[in-house]
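J.: sequence and predicted structure, then a few things I'm wondering about:
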Amino acid sequence: VLSFEDDGGAGRVYFTLASSIVDGQWHQLTVTRIANSVRMYVNGLESTSGAQTKSGNATFNSPSFYGAAAVLSHIGMVDELRFSSVARSAAWLKFEYRNMAEADNCLAFGPDQTPLSAWKYRKQIHIDPAYVDADLEEFPVLVYFNGDADLGAHALSTGYDIRFTAGDGLGLLKHERESWAVSGGRAYGYFWVRVPLVSASAGADIYVYYGNPAASDGQDPAAAWADDFKAVWHLWDDPDTSHVADSTANGKNGNKTAAGAPAESDALVGKGQLFDGVDDRITVGSSVAPNFAQLTLSAWLKPTAFGDGSFRHVLESGWANNGTYVVYFYNTGNTVSFGIKNNTGSAREVSASGLLDSGAFGHFVFTYDGTYLRIFHNGELKATSDPLTGEFSGGAAFYLGQSTTDFKGYMDEARVAAVARSAAWIKFEYRNIKEAGNCLVVLPEQSVSKSRLQSLQFQLASAGPDSEPLAGTWSAVINNGDGLFHPFHPTSV
């Protein structure tokens, strides 16, 4: 029999136990009280006495004694003492007891589930923070392999076994394979990898894994692009010479004027499209950014005609209608313009001159943040409009190269996002694509075979006081027999 007493009201309540308390063994004792109802549990089981009535308020005044009182004291050990402001349920208390007393039974540990345990090789890729002006979240990083002999020797010729992980080597990152080829024992390919955070202070570290002959195709194009991307066209022919595909989950695929019109051509990132300036265009038959509040349009452009008396439209959503937007080259001079028209017909345009170059691709980005229109070129802000507000339907369709006189020249990597990208985002996007070999550092190949532990070396760096002979800072080196030594640095013993 056990009793319970508190400072609220006089007297005690007594409980007959469902199981015996045995000296020399650990027991879990729990008492709950709701109003005047008191229950007692031992080892997860409620007393056979059931609920007992206790009058008065449940108060616990200081001083408190754990295992002792003014007259009688507990003889033995106490562990895991807890007070809660709620009355735990019988199910909670039963599992709490079994979780501690029978952990080996109620917890089952599965086998090692390292996601890439079957992969043999990896390389670390470091994103240099010197190229990053501010923290960037969910950024699609372009990873370019330009004649990599290690991947050429060990990766599948299809590229199906390519995987990317976070810096811990475990968390898989979504990616899209834009192109991949192995020639002369060397690998060439463009991959877009969705990186959760690219830090201005530390950049980011990711890994590319390869070398699993049994791997299925690991790319997931739609998941590689965050939800605020409304369309991403890499602008190679897909699935045939009459169409281009949208990589996002939104399915904004484009229809060409005709097969090969415009024509697939070598571009900045793999393949792009060459427009003839007469009737070549790509049409998306539905709104790409319906009812937008913010907007970003971007593309890599190498025009072969501008300032020739024609307004050459590059990107638009039906400029003749309200609630739409347009990017075009002015009919005279070297000028690019960006315009937006709200649902009531009020319009605003912004222009910048001297940006067009028929001899090289330029990165053009056009943003609207709900008030101002801006033009960026090659990562730098070039112009800002007067304010314009309102609501925007987004138009009923979208066109690449649409007008009475179409865009003439090369286009690559066209995108629409329903957010106004920051200056830092736009600058890194430009540098990541234009200067991929500089802002990304690919480190040497590592073997990641999972062989048994062969040796363990310890070294004590600084000794503690005599009373704690193993305290201090120490390190260990683990040899897995794979030619690599894995440092391990706990802070103390």
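T.: Yep, that arrived.
J.: may I have whichever helix or strand H363 is part of as CSV, with CA atoms only?
T.: Element membership of H363, judged by DSSP states H and E, is strand 362-368. The C-alpha trace of strand 362-368 is given here as CSV (Å, rounded to 0.1, in the frame of the first residue of the first chain):
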residue,chain,number,x,y,z
GLY,A,362,23.9,38.9,-72.7
HIS,A,363,21.9,38.1,-69.6
PHE,A,364,18.7,40.2,-69.5
VAL,A,365,16.4,40.3,-66.5
PHE,A,366,13.3,42.3,-66.1
THR,A,367,11.5,42.6,-62.7
TYR,A,368,8.4,44.1,-61.3
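J.: what packs against the helix or strand following it?
T.: Using DSSP H and E, the next helix or strand after strand 362-368 towards the C-terminus is strand 373-377. Judged by 3 or more Cβ pairs under 8 Å, 6 or more residues apart in numbering; DSSP states H and E, the packing partners of strand 373-377 are strand 335-341, strand 347-353, strand 362-368, strand 380-384. Backbone N, C-alpha and C define where each C-beta goes, glycine included.
J.: any idea which of those gets closest to L268?
T.: Taking Cβ to Cβ, strand 362-368 is the member of these nearest to L268, at 8.9 Å.
J.: what distance do you get for the residue nearest the centre of the chain to A51?
T.: Taking Cα atoms, centre = their mean, the centroid of the chain lies closest to P196, which sits 3.0 Å from it. Distance of P196 to A51, computed by Cβ to Cβ, to the nearest Å: 52 Å.
J.: now do V193
T.: 60 Å.
J.: looking only at neighbour counts, state which of these two leads.
T.: Neighbour tally, V193 and A51, criterion other Cβ atoms under 10 Å: the higher count belongs to V193, 21 against 17.
J.: so the more buried one is in contact with Y144, correct?
T.: No. Using Cβ atoms under 8 Å, V193 is not in contact with Y144, being 11.0 Å away.
J.: next, give phi and psi for A130.
T.: Note on A130: its backbone torsions stand at phi -60, psi -20 [degrees, to the nearest 10].
J.: mind checking pLDDT for it?
T.: A130 carries a pLDDT score of 96 in this model.
J.: measure it to N438 for me?
T.: Relative to N438, A130 is positioned 9 Å away (Cβ to Cβ).
J.: between the two, what contacts are shared?
T.: Common contacts of A130 and N438, defined by Cβ atoms under 8 Å, 6 or more residues apart in numbering, are absent altogether.
J.: check which helix or strand the residue nearest to G185 when sequence neighbours are not counted maps to.
T.: Closest residue to G185 apart from its sequence neighbours, by Cβ to Cβ, 6 or more residues apart in numbering: G152 at 4.8 Å. Taking DSSP H and E as the definition, G152 sits inside helix 149-154.
J.: can you name every helix or strand that that helix contacts?
T.: strand 121-127, strand 186-198, strand 204-210.
J.: mind listing the helices for the stretch 51-200 of the chain?
T.: 90-101, 103-106, 149-154 (DSSP state H, counting those that start in this stretch).
J.: most tightly surrounded among these?
T.: Among the helices of the stretch 51-200 of the chain, the stretch with the highest mean neighbour count (mean count of other Cβ atoms under 10 Å) is helix 149-154, at a mean of 18.
J.: residue ranges in this structure under the pLDDT threshold?
T.: 1-20, 48-49, 55-74, 103, 109-114, 403-404, 449-493 (pLDDT under 70).
J.: how about 90 then?
T.: Counting by pLDDT under 90, the chain shows low-confidence ranges at 1-87, 89-90, 92-115, 170, 309-310, 402-406, 435-438, 448-493.
J.: so what strands line up beside the strand holding H363?
T.: Its sheet considered, strand 362-368 pairs with strand 295-303 (antiparallel), strand 373-377 (antiparallel) by DSSP bridges.
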